[in-house]
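Asker: Can you look at this prediction? I've put the sequence above it.
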Amino acid sequence: MENRSGFSSITSSRAQKEIAASWEWYEERLQGLGDKFLKEVITRIDNIETNPDRFPTRHKNYKEAVLQTFPFLIIYRINTKKRSIRIVSVFHTSRNPTKKYS
């Protein structure tokens, strides 16, 4: 994805798997809920691309953006020279926090 700010995002294979598994889990519980989750993830990634420094740095140079409805964090890193954002993880907040950055 790329937007007006000139930053583009790259989603790691880990984050892609987390998104897919979470979508499936929510969709199994209630049809359409997985789509609502996915829409919120995409909206938050758009926010990150627009203003990557908006969200706090939590560990070394990893930043965390909280989803509004679902209990997830989008963990990302900024490469200002390449004007890119790497989405490292879409992390469920009930998981062991020591696994956020590994």
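Answerer: Structure's in. What do you need?
Asker: what sits against the most centrally placed residue in the chain?
Answerer: Residue closest to the mean C-alpha point of the chain, counted by C-alpha atoms, centre = their mean, is Ile74 at 2.9 Å. Applying C-beta atoms under 8 Å, 6 or more residues apart in numbering to Ile74 gives the contacts 15, 41, 44-45, 48, 64-65, 67, 87, 89-91. (Each C-beta comes from the backbone N, C-alpha and C, glycine too.)
Asker: Have a look at this protein and report the helix or strand with the lowest mean pLDDT.
Answerer: Least confident helix or strand of the chain, by mean pLDDT, DSSP states H and E, is strand 57-59 with a mean of 91.
Asker: which strands and helices sit next to that strand?
Answerer: Strand 57-59 is packed against no helix or strand, with contacts defined by 3 or more C-beta pairs under 8 Å, 6 or more residues apart in numbering; DSSP states H and E.
Asker: State the next helix or strand along the chain beyond it.
Answerer: Next in sequence after strand 57-59, counting helices and strands by DSSP states H and E, comes strand 62-66.
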